[in-house]
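Enquirer: coordinates only, no sequence provided:
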């Protein structure tokens with residue numbers, strides 16, 4: 001076999017294996033968002049939405065993930081863009097985040 005056949009075949013094989021692996025993860029975990037979290041989403045607990053001054057919307061979604069972790073998804077939408085950032089937190093950092101949010105909220109309302 002000549003190099004002109006082997007190189008494109010190798011590139012295509014790597015591409016095909018990558019696509020197959022990603023498709024398998026989507027099927028195994030139950031969706032693209034679950035792949036982003038690295039765990040299956042058991043349920044969506046809630047969402048906090050806000051309209052920013054530029055006219056876009058920002059939403060923070062909280063998901064309960066398989067294995068007891070918590071998934072945070074920050075979604076920003078505007079007329080020209082959509083961005084979703086995900087973060088998976090185990091139990092200890094989740095409790096720390098809760099205490100930080102409560103401390104910030106209490107400080108804000110005390111002033």
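Expert: The structure has been received and is ready for your questions. All of these numbers come straight from a predicted model, not from anything done at the bench.
Enquirer: need the nearest residue in space to residue 94, chain neighbours excluded.
Expert: Counting by CB to CB, 6 or more residues apart in numbering, the nearest residue to residue 94 once its immediate chain neighbours are dropped is residue 70, at 4.7 Å. (C-beta placed from N, C-alpha, C; glycine too.)
Enquirer: ok, residue 91 next?
Expert: With sequence-adjacent residues excluded and distances taken as CB to CB, 6+ apart, residue 91 is closest to residue 68, at 6.1 Å.
Enquirer: which strand residues bridge the residue nearest to residue 94?
Expert: residue 64, residue 89 (DSSP bridges).
Enquirer: where's it relative to residue 61, distance?
Expert: 11 Å (CB to CB, to the nearest Å).
Enquirer: just to revisit the earlier point, burial of the residue nearest to residue 91, as a residue count?
Expert: Per other CB atoms under 10 Å, the neighbour tally for residue 68 reads 11.
Enquirer: do the same with residue 90
Expert: 12.
Enquirer: can you pull the contacts of the nearest residue to it once chain neighbours are set aside?
Expert: Once flanking residues are discounted, residue 90 sits nearest to residue 69: 5.4 Å by CB to CB, 6+ apart. By CB atoms under 8 Å, 6 or more residues apart in numbering, the residues touching residue 69 are 37, 39, 88, 89, 90, 91, 94.
Enquirer: no further queries at this time; thank you.
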